[in-house]
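*Asks:* Have a look at this prediction, sequence included:
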Amino acid sequence: MERGRYDVIVAGLGASGSSTLYHLATRGCRVLGLDRHGIPNEASSYHGVTRIIRLCYYESPVYVPLLQRAYENWRALEHACGRHLLHITGSIDAGPTDGWVFPGSLRSCQEHGLEHEVLTAASLQHRFPGYRLPDDMMAVLQPQGGFLVAEQCVVSYVEQALQRGAEVRGCERVVEWMPHASGITVRTDRATYEAEQLIVTSGAWIADLLPLLRPYVQTERQVLGWFQPARPALFLPDRFPVFNMETRDGRYYGTPVFGVPGFKVGRYHHLGQVDHPDQIDRGVYAEDEEVLRFFIREHFPDADGPVLSMKVCIFTNTPDGHFIIGRYPEAEPIIFASPCSGHGFKFASVIGEILADLATGGDTRKWPLDFFGLERFGRTTP
Ligand SMILES: Cc1cc2nc3c(=O)[nH]c(=O)nc-3n(C[C@H](O)[C@H](O)[C@H](O)COP(=O)(O)OP(=O)(O)OC[C@H]3O[C@@H](n4cnc5c(N)ncnc54)[C@H](O)[C@@H]3O)c2cc1C
């Protein structure tokens, strides 16, 4: 079946695709958004109620200007849709002084002049009694950290895009694409469409649509857990900053009680279970709980209560943990972005703007796109 012609088709309407759709619709583009699952869905990488947003980025100071723009764009979305999506709690980045998280966070604060405080384990516990860190750990407290209400962000972007004339189809999977002289043909499991350009933001499935990316993405099972605190008041958003923490057993993150009546925690790379997203085990097991409880017992003993919920989610990891964004080497009309490696949601509001600029000839020179290019792995783009 042949359908209409679009300026841009967006394949995948999760974190970055929903934002891209909105930014394209805002520019007056004729745009179609497709998702193989529902909107929202719990099959991809953005579910589980909350996603941390933090400004002092230990991963690299390169991200800070993007984050500053991301905050502005999230606030603009809140204004457009009338929902409270970005909750400010402050953020803690904690770990040993010779590790990655604490010094990296401090470096971003110093390089970008960000407001922050350095706390010892004892002063952190005094300020926020839910925290119980070993004495050899230090923490950076940054007051603008917080969390986004993730599924509502995606829903809000899609809703606002629809209001601006975008067309959207859920439960319709992009199967293949064929570039030609005047654009690109996109075939789904239901129809065939024509467009000038295709933006692929299909998250964990990105290499299924763009096989040249296969060497650079690895999908991994993650488990989130919510635990009932013995002292719930210590874990509420007004008393408990979101955190990233580096311990001798790995890197963990967590958010206060919100949406689910439990304290939420996850471990980066959980049990190291790498698989194709269609094969990832969606069940939750005692060993998943034990990984998280072990950490809670030591660092948040007042939250060491019964499990209230557990969910499986997917990381899409690149070799260096940084995003991949660019034009597809094999086909000029295709732009792609995989902002994941477990830390991409907070950037969705600015990544969507950048992808829309790339598609419409907007100015992207102010963004560090070389940092995210495939060229860093030795692969050239057109
Ligand atoms: C457990 C967990 C915790 C996280 N915590 C944080 C955090 O605290 N802060 C943070 O910033 N980031 C966090 N992240 C990372 C963040 O959620 C991801 O970086 C982000 O969701 C990736 O966005 P994306 O648009 O690339 O993919 P997704 O958001 O997963 O969206 C991809 C979409 O594409 C669709 N799709 C796939 N294939 C097709 C196809 N063939 N045709 C049409 N549609 C298709 C999918 O159905 C999906 O809806 C976390 C991730 C996980 C898993």
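*Replies:* Perfect, I can see it now.
*Asks:* Show the backbone phi and psi for Q218.
*Replies:* phi -130, psi 130 (degrees, to the nearest 10).
*Asks:* Quick check: phi and psi on the nearest residue in space to it that is not next to it in sequence?
*Replies:* Leaving aside its sequence neighbours, Q218 sits nearest to N317 (C-beta to C-beta, 6 or more residues apart in numbering; 4.8 Å). Every C-beta, even on glycine, is put in place using the N, C-alpha and C of the backbone. Main-chain torsions, N317, degrees, to the nearest 10: phi -90, psi 140.
*Asks:* Likewise for the one 10 residues further on?
*Replies:* In terms of degrees, to the nearest 10, the main-chain angles of R327 are phi -90, psi 140.
*Asks:* number of nearby residues for it?
*Replies:* R327: 17 surrounding residues under other C-beta atoms under 10 Å.
*Asks:* so who does the closest residue to the ligand within the stretch 1-150 of the chain touch?
*Replies:* Closest to the ligand within the stretch 1-150 of the chain is G14: 1.8 Å, counting by C-beta to the nearest ligand atom. For G14, the contact set (C-beta atoms under 8 Å, 6 or more residues apart in numbering) comprises 35, 44-46, 154, 201, 203.
*Asks:* and those residues as a markdown table, adding pLDDT and secondary structure?
*Replies:* Formatted as a markdown table, those follow (pLDDT from 0 to 100; DSSP: H, G, I helix; E, B strand; the rest coil):
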| residue | pLDDT | secondary structure |
| --- | --- | --- |
| D35 | 98 | coil |
| S44 | 97 | coil |
| S45 | 98 | coil |
| Y46 | 98 | coil |
| V154 | 98 | helix |
| T201 | 98 | coil |
| G203 | 98 | helix |
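*Asks:* Name the residues linked to the closest residue to A11 other than its chain neighbours by a beta bridge.
*Replies:* The shortest distance from A11 to any non-neighbouring residue, by C-beta to C-beta, 6+ apart, is to V174 (4.2 Å). Under the criterion DSSP bridges, V174 forms beta bridges with T188.
*Asks:* Tell me how the protein divides into domains.
*Replies:* Domain ranges of the chain: 2-46+151-214+320-377, 91-143+218-317, per automatic domain parsing.
*Asks:* Tell me which of these sits most buried.
*Replies:* Among the domains of the chain, domain 2-46+151-214+320-377 has the highest mean neighbour count (mean count of other C-beta atoms under 10 Å), at a mean of 21.
*Asks:* Just give me how far it sits from the chain centre.
*Replies:* Mean C-alpha position of domain 2-46+151-214+320-377 versus that of the full chain (C-alpha atoms, centre = their mean, to the nearest Å) differs by 14 Å.
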